[in-house]
Structures are given as C-alpha cells and as structure tokens.
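>>> What would the 3D arrangement of this be:
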Amino acid sequence: MQTIAAKKNHLSELFALDLRSLGLFRIGIALILLYDLLLRSFELSFFYTDQGATPREVLWHSPFPMGIVWWISPHMLSGSFAWQAFLFVLSGLAGVALLLGYQTRWAIAISWFLLMGSHARQPMILQGNDVLLRCALFWSFFVPLGARFSLDSLSKTAATYHSNRILSWGTAAIILQLCILYFNAAIPKVSYEWRGDFNALYYVLNMDYFTNPFGYWLLQYPAILVLLTKATLLLEISIPFLLLMPLGNAYLRLLAFAIMVGFHLGIYLCMDVGLFSFMCIAYWLVFLPSLFWDKLTAVIPWKFLGSITEVTGTEANGPQVLSIPGPRWLIPCLLIFVMVMNYQRYLTPPMVSDEATVIDTVGRITGLDQYWAMFSPGVLKDGLKIWAEGTKADGTKVNLFNPSQDNRSSDRRMIWAKEDSYARKRFLIWGLYEFPRDPFSRAFLKMMLEEWNQTHKVEEQIISAQIVSLKTQTSPPYETLESPTINEKILMHYIPLPKD
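Presented below is the predicted three-dimensional model:
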C-alpha cells in the first residue's frame, strides 16, 4: 500500500480515524447486516418472491422512483423461493466474512452489491437504517476496515501501518457522510411545530403508528417534549460542527459519541423505527478517537488494543496518509454529488415526481441515494392508523393481519407485534399510504385476499380487500377536543376479476 508522509495539522486531525475504531465499526455494521438479513429472511416469500406482495412484473412496469434500477438486482433474475434463499445465504456468508475480517475488501463489495440488489427488488419497505447501511458499505471500500480485530490482520501478507491513525479521502468520506445525515435532517425542519412552539415531538408521538409505550408515557408531559424537540433540532444542527471542530477534536468526538448514543437510544425507546437507532450507534463507533483507546489500554492492557510499536514515535507525528483504490478524483466528486443530491431532495423530495433525473439514477446505482427529512418540514397533527381489510359477502369487515383487532375502536395503539415481529410489513403499508402506487397496492391486496381465502372456510371467504387509513385529530397540548375530526379513507380497493 502506497503511503506518503503527513504533517500534523488541523486538517489531518479532523479527517483522521483510528484503525481500531474502523475495526470496531466493521464489526458493528456486520452485526446490523446479519441481524437485518435474519429478520428479513422470516418474510422471504412475502417480500421477495413472485407469490408475495410484490411480483417482479410490478417493478418491470413501475416508473421512478420504485422501478428505476431493478435491472441491477440479482434478486430479479428469478421469483422463486429457492433463488431468493440462495442469495440470502450468500449475503449471510459475506456478512460473516465481514464480521470476522476475512478477505474484508471482497466481503464489503459482495455485501454492498447484494444489499443493493435486495433494496432494488423490494423498495417499499426501506427505512433509514437501510440507506445508512448501504452508504456505510460503499464508503468502507475505500478504507482498511480489516486492519484491526480481523483475520486479515493475522495474515503474513497483511499491510503494515506505522500509526494507528490514518488519513485518506476514504476516512474523510465516512466522516462527512454522517455530517450530511444530521445536517440534512435538521435543515428541512422549518414548520412552526419545529421552530415556533416546539411541539413537533408531541404530534409525532400522537401519530400512534411509530409510538412505543415509553413514548405514550412521555405524552403526559408536553413540557418535556418541548425540551426534547429543541434538543433534537440543536443536536442535528450542531453535531456536524462538533465533529469538524479543529481544537480539542478528540475530546469533542468523545463527548459527541456519548451524547448521540443516548440520543438514538432515546429514539429507540420512544418510537419503533426499525434498526435505525442501532445502525446510527454502529456508525458512531468509527468516531472513537485514539484517546479512547489509549485510556482503555491503561485499564485493559491487552496488546491488540494498544498503539503501534514497530516505529517508535510515529503516533505523535500525526496520522499516516494512505492512497485509495481508484483515481484520486473519485471520492471528492462523489462527495460533491452527495451534497448536491441532498440539496436537490430538499427542494424536490424524491416521491413528488415520476421523472428520474441523472442525479437520481447515479444515486440509485451507487447506493448513495439518500433523503433524511423525516417528519419534515412539518408533522402530521392526527393520530394515524393504516391497515389491510377484507370484506365478506355479508358485508362484515375483517383485519387481514390480525382478525381479532378492531382498528376502528377508540383504542389508540395498534398491536402489531403479534403479527409482525419485524416492522417491515407495517412499513410496507405505510409506504403504500405515504407514496401511493396503484400497481404495488393492487399486488399486495391480491396476495392478501388469496392467502386469506386459501386458509379459511367457505363461509369465511372475502370478496374484496382494501387498504384503509383512519385519521383522528390530535388535541393541542394541555387541551381536550370535545369532537375531534375523524377521517376514514379507503386508499386502495381491490375486487378480483374472473381472470385473477
């Protein structure tokens, strides 16, 4: 590996990362990848086969943003369960190799490619953790993730590093990606609920769809939610500046790490956002400075945690500058591209238009496609329930996921855990609500109707299916509405034709 000498200056300090932190980061994202793969495998047939909720033909004929890059996905080569299972096993093997740090660069490339393929095959269930994971894998290809805590590092042919701290365009990209995430999550939050009365989180937790029991408990204290709203906005705006502060950067990163781990654990307690909180925590591991490892080795004097000993004094001389695979201009151009794309998404969210731009296409092909404006610019001021419903011949309605649950009751909380141990089904229906696409909705309802009728007696058969939303007006903090507005709407209605 080609290296050049590096001067110790503020710029190198800002964009340098510790090899041990990169190793811990590798282990973190590998665990997220494997756990997510395990959870998705439970619904392999439902999401990825032609007998499931999204047959391949739906994607073949779908416009942007859903069908834009289906052709890059190996999952599209066959709609059979066996083929999808084979790809999941292959992805799992690559994930294990990444976890152990065996042939790390190949493991990253294969994991990224198969993750991209699964996302292109089933775009309706993607969440923030999916986007951040594929971005992390992409940028990881340009840094030596296997240099520490790995099988690769035990090899006789392993690269030798004269410092635990390294600097390259790859380390800069990993750092700037997280800065871009938080900055672009904060900027679109311009509504009065975010920057006026600061009641945004009060309304978010009243939506019901994402809220956990602890979030419902917090609703008793609107004043606390005002403080948490202010803290959320402040953190998202300030974190990029803290990470790029030239003075005392090691201490600031330690402080930011502790604060943001607490921040994301708080989100996890309040809202069900899939694996997003844990993916963010795994990403933050890369920011642990050399100071952290020096303090740790003072307590746990394990040799593999310590500093480089091959060349005395090099740690004090600043980070070792590394060259990156490929042309030097590649990463700077990609970083500019990501910034321009986020600015474009701020002006025109990706679900507004069915026309794909060059930026959209490049973003999807590289996996750097991203949009971080959740609950922005404003928040929904209604409690929200969405469900799939069947209608029997006598007009009786039945919840197709949970027949014992009456979604029209006054009970605010929908009990999803019994029928959806992983939130993907729920996010599929949310996607059909927020980004309506008739072919996706029709395919989903057709599958639900057929599955129900195949497993129930003749007298229990349903003749049609629909996706229903129910909005209930949320009372402002410290107020009670005597007659809240209730709006029930059928988002999609499906009646099978004889040829179906």
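
>>> When you work out contacts or count neighbours from here on, use the C-alpha atoms and nothing else.
OK.

>>> State the distance from the residue nearest in space to the middle of the chain to Tyr283.
Centroid-nearest residue in the chain, with CA atoms, centre = their mean: Asn129, separated by 1.5 Å. Computed as CA to CA, to the nearest Å, the Asn129 to Tyr283 distance reads 10 Å.

>>> hmm, back to that, report the contact partners of the residue nearest to the centre of the chain.
By CA atoms under 8 Å, 6 or more residues apart in numbering, Asn129 lies in contact with 274-277, 279-280.

>>> Who are the contact partners of Phe142?
Applying CA under 8 Å, 6+ apart, the residues contacting Phe142 are 169-171, 324-325.

>>> any low-confidence regions in this protein?
Within the chain, the segments meeting pLDDT under 70 span 1-11, 63-68, 304, 306-317, 350-355, 409-423, 497-500.

>>> which residue ranges form the strands in it?
3-4, 16-18, 165-167, 320-322, 382-392, 397-399, 462-473, 486-494 (DSSP state E).

>>> Run through who's touching the last one.
Judged by CA under 8 Å, 6+ apart, the contacts made with strand 486-494 from elsewhere in the structure are 433, 438, 441-442, 445-446, 464-473.

>>> Report the distance from it to the chain centre.
Relative to the chain's own centre, strand 486-494 is displaced by 28 Å; criterion: CA atoms, centre = their mean, to the nearest Å.

>>> all helices for the stretch 51-200 of the chain, in order.
Ranges of helices in the stretch 51-200 of the chain, per DSSP state H, counting those that start in this stretch, are 56-60, 81-100, 104-121, 128-140, 169-186, 192-195, 200-205.

>>> and of those, who's closest to Ile27?
The closest of those to Ile27 is helix 81-100. By CA to CA, the value is 5.0 Å.

>>> Which strands or helices does that closest one pack on?
The elements that helix 81-100 packs onto, with contact taken as 3 or more CA pairs under 8 Å, 6 or more residues apart in numbering; DSSP states H and E, are helix 19-41, helix 44-48, helix 104-121.

>>> same thing but at 7 Å, please
helix 19-41, helix 104-121 (3 or more CA pairs under 7 Å, 6 or more residues apart in numbering; DSSP states H and E).

>>> Any chance of these in TSV with distance to Leu269 as columns?
Below are the helices and strands packed on helix 81-100 laid out as TSV (distance: least, CA to CA, whole Å):
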stretch	distance to Leu269
helix 19-41	18
helix 104-121	27
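
>>> count of residues packed around Glu450?
Per other CA atoms under 10 Å, the neighbour tally for Glu450 reads 16.

>>> on that earlier part again, give me whichever of the strands of the chain is most buried.
Across these, averaging neighbours per residue (mean count of other CA atoms under 10 Å) puts strand 16-18 on top, at a mean of 26.

>>> Neighbouring strands - and their directions - for that strand?
In the sheet, strand 16-18 lines up against strand 165-167 (antiparallel) (DSSP bridges).

>>> residues in contact with the strand it pairs with?
Strand 165-167 is touched from outside by 12, 15-19, 319-322, with contacts defined as CA atoms under 7 Å, 6 or more residues apart in numbering.

>>> got it, and stretch 102-115?
91, 94-95, 97-98, 134, 137-138, 141, 145-146, 150-152.

>>> still on that earlier bit, nearest to Trp293 among the contacts of Asn129?
Cys280 (20.7 Å).

>>> distance of the closest one from Cys179?
Taking CA to CA, one finds Cys280 at 12 Å from Cys179.

>>> One more: Glu193?
In terms of CA to CA, Glu193 sits 24 Å off from Cys179.

>>> just checking, Thr54 touches Ala443?
Yes. In this structure Thr54 lies within contact range of Ala443 using CA atoms under 7 Å: 6.1 Å.

>>> Just want to know which of those two has more residues nearby.
With neighbours defined as other CA under 10 Å, Thr54 and Ala443 compare such that Thr54 has more, 26 against 19.

>>> Next one: Glu451 relative to Lys471, how far apart?
For Glu451, the distance to Lys471 - CA to CA - is 28 Å.

>>> for Val190, phi and psi?
Backbone torsions of Val190, given as degrees, to the nearest 10, read phi -110, psi 0.

>>> That one - how many residues pack around it?
13.

>>> out of everything not next to it in sequence, what's closest to it?
Leaving aside its sequence neighbours, Val190 sits nearest to Pro377 (CA to CA, 6 or more residues apart in numbering; 5.4 Å).

>>> which residues touch the one you found?
188-191.

>>> same check, this time on Tyr203
Tyr203 neighbours (CA under 7 Å, 6+ apart): 379-381.

>>> Ala53 too?
By CA under 7 Å, 6+ apart, the neighbours of Ala53 are 46-47, 443-444, 447.

>>> and the gap between the residue nearest to Ala373 when sequence neighbours are not counted and Asn402?
Nearest residue to Ala373, sequence neighbours excluded (CA to CA, 6+ apart): Ala185, at 4.9 Å. The gap separating Ala185 from Asn402 is 35 Å, by CA to CA.

>>> quick one: which of the two has more around it?
Applying other CA under 10 Å to Ala185 and Asn402 shows that Ala185 carries more neighbours, namely 22 against 17.

>>> farthest-separated two in the contacts of strand 165-167?
Using CA to CA, these span at most 14.8 Å, a distance reached by Ser12 and Leu19.

>>> More neighbours: which of those two?
Leu19 (24 against 20).

>>> quick one: contacts for the more buried one?
147-148, 164-166.

>>> could you redo those as CSV and give each row distance to Leu265?
Formatted as CSV, the contacts of Leu19 follow (distance: CA to CA, whole Å):
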residue, distance to Leu265
Ala147, 29
Arg148, 27
Asn164, 30
Arg165, 29
Ile166, 30
